[in-house]
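Visitor: Got a predicted model here, sequence first, then my questions.
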Amino acid sequence: LGSDCEHTVYEGELVGMILAIEMLREEGGRGTMSLGIDNQVAICATKVFISKPGHYFMDKFHDDLRKLIPVHDDRKLTVRWTPGHQRIPGNEAADEQAKKAARGESSAPKELPKSL
């Protein structure tokens, strides 16, 4: 993404959500899948399907989600709030990856989803 002078925590959360959708796609997500997010603003934004200025990461999230789960598909994605810093294994792992990215230890561009 870049430095915190260029992007917000909210944008970082949305990028994490995009990466989670990519992971679900790669793993062949089946049935009802869950995505825990510790940012309530990001959760609320998942319900807004109308593009707005500054909404480009959420637009990418929705585009990637439509690719993962097409309209006439029985699979579902449940997005739920996960309290941060409560030692929830998946959330702690995501926080660690976010810290690595903040230190500049990002994935090579060729390893990221095309949407990013």
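Guide: Right, received. Where do you want to start?

Visitor: Which parts of the chain are helices?
Guide: Here the chain has its helices, by DSSP state H, at 9-26, 40-45, 56-68, 89-102.

Visitor: Can you show me the CA trace of the last one as CSV?
Guide: To tie it back to what came earlier, the one meant is helix 89-102. Taking C-alpha atoms only, helix 89-102 is exported to CSV below (Å, rounded to 0.1, in the frame of the first residue of the first chain):
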residue,chain,number,x,y,z
PRO,A,89,-5.6,-17.1,16.3
GLY,A,90,-6.7,-15.9,12.9
ASN,A,91,-7.0,-12.3,13.9
GLU,A,92,-3.5,-12.4,15.6
ALA,A,93,-2.0,-13.9,12.5
ALA,A,94,-3.6,-11.2,10.3
ASP,A,95,-2.3,-8.5,12.7
GLU,A,96,1.2,-9.9,12.4
GLN,A,97,1.0,-9.9,8.6
ALA,A,98,-0.2,-6.3,8.7
LYS,A,99,2.7,-5.3,10.9
LYS,A,100,5.2,-6.9,8.5
ALA,A,101,3.6,-5.0,5.6
ALA,A,102,3.9,-1.8,7.7
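
Visitor: 51 is where my numbering starts, stick with that
Guide: Renumbered: residue one is now 51, and that last one reads helix 139-152.

Visitor: What is that helix packed up against?
Guide: helix 59-76 (3 or more Cβ pairs under 8 Å, 6 or more residues apart in numbering; DSSP states H and E). No exception for glycine: its C-beta is placed from N, CA and C like everyone else's.

Visitor: tally of neighbours for E146?
Guide: Residues near E146, counting by other Cβ atoms under 10 Å, number 10.

Visitor: I should have written M108 there, sorry.
Guide: Neighbours of M108 (other Cβ under 10 Å): 22.

Visitor: Next up, the contacts around the nearest residue to it once chain neighbours are set aside.
Guide: With Cβ to Cβ, 6 or more residues apart in numbering as the criterion, M108 has its nearest non-adjacent residue at 4.9 Å, and that residue is A95. By Cβ atoms under 8 Å, 6 or more residues apart in numbering, the contact list for A95 reads 64, 105, 108.

Visitor: how near is A95 to G62?
Guide: Per Cβ to Cβ, to the nearest Å, A95 is found 13 Å from G62.
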